[in-house]
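*Asks:* Below are the sequence and a predicted model for it; my questions follow.
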Amino acid sequence: NELDHVAHIDGRYLLRPQTTGVVGFQFRETDYIGDQPIGFDPRYGTVMSDDRNARSYYGYVGLDHNFRPDLTGSLRVGGRYTDYYNNPASQNQGSPYAMTSLRYTYLPESYLEFGSSYDYSATPQFSVNNAGDMTLNAQSATLYATLRHRITPKLYGGIIAQFQNSTYYGGKYDNDTDKFYLVGLSLQYRFTPNFSAEAGYNYDHLDSQVTYDYDRNRVYIGVTGTY
């Protein structure tokens, strides 16, 4: 089992009428709460699930810019330092961090958005190499495109396409990769501004150097309430 918590704070400064500068800090904690042995390390003995717990500290700068009333963009770049505070092999890690997005609003409540990110990604995969290093996470580079269209005043349709390339850090899987592809379709009906129902379909494909490749079809239905 895994719990992931994120908190961030941003300072914003209006550089120009259409451009806002951002300086921010983010804290992220990832806890594996199974409280069970998950492997054996030749140097340190039995490995427990919480040996992979992580605290990540991010610092970044960025810009939010309105190119036109219907075209906006956002950029964040910086770095991340992750402290594996229970790890006996002292595999603390620094890494770049980035996030971008570009949104074109072609009709009221209808838009096309492109984006990317590079960040830490928790993983259930685990291995240990002869030096005693463990597989602790993956560094994930993600590209996505989203179309959101208002079909009627209360009915909305969505299409999403996403590609993620994840590179494992540590253990026997160090520098191995997973390539994950996703295409999704959805319909949302808003009964009120605060209550809606949604149904959708996702197709997933995984091409992995670590585990089994697979194709997956998911169908879902649900309701959302906001306050």
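*Replies:* Alright, I've got the coordinates.
*Asks:* Not counting the helix or strand where Val219 lies itself, show me its contacts.
*Replies:* Element membership for Val219, per DSSP states H and E: strand 214-225. Contact with strand 214-225 is made by 194-206, as judged by CB atoms under 8 Å, 6 or more residues apart in numbering. In this view, the C-beta of every residue, glycine as well, is placed from N, C-alpha and C.
*Asks:* let's see it at 6 Å
*Replies:* Around strand 214-225, the neighbours that count as contacts under CB atoms under 6 Å, 6 or more residues apart in numbering are Phe195, Ser196, Ala197, Glu198, Ala199, Gly200, Tyr201, Asn202, Tyr203, Asp204, His205, Leu206.
*Asks:* Could you do stretch 162-174 as well?
*Replies:* Residues from elsewhere that reach stretch 162-174 (CB under 6 Å, 6+ apart): 91, 121, 127-129, 133-144, 176-182, 210.
*Asks:* Render the CA-only coordinates of the strand holding Val219 in PDB, please.
*Replies:* Taking Å, rounded to 0.1, in the frame of the first residue of the first chain, the C-alpha atoms of strand 214-225 are listed here in PDB:
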ATOM      1  CA  TYR A 214       0.100  -5.800 -21.500                       C
ATOM      2  CA  ASP A 215      -2.900  -4.300 -23.200                       C
ATOM      3  CA  ARG A 216      -5.800  -3.200 -20.900                       C
ATOM      4  CA  ASN A 217      -9.300  -2.000 -21.600                       C
ATOM      5  CA  ARG A 218     -11.100   0.000 -18.800                       C
ATOM      6  CA  VAL A 219     -14.700   1.200 -18.700                       C
ATOM      7  CA  TYR A 220     -15.900   3.300 -15.800                       C
ATOM      8  CA  ILE A 221     -18.900   5.300 -14.600                       C
ATOM      9  CA  GLY A 222     -19.100   7.600 -11.600                       C
ATOM     10  CA  VAL A 223     -20.400  10.800 -10.000                       C
ATOM     11  CA  THR A 224     -18.500  13.900  -8.800                       C
ATOM     12  CA  GLY A 225     -19.600  16.500  -6.200                       C
END
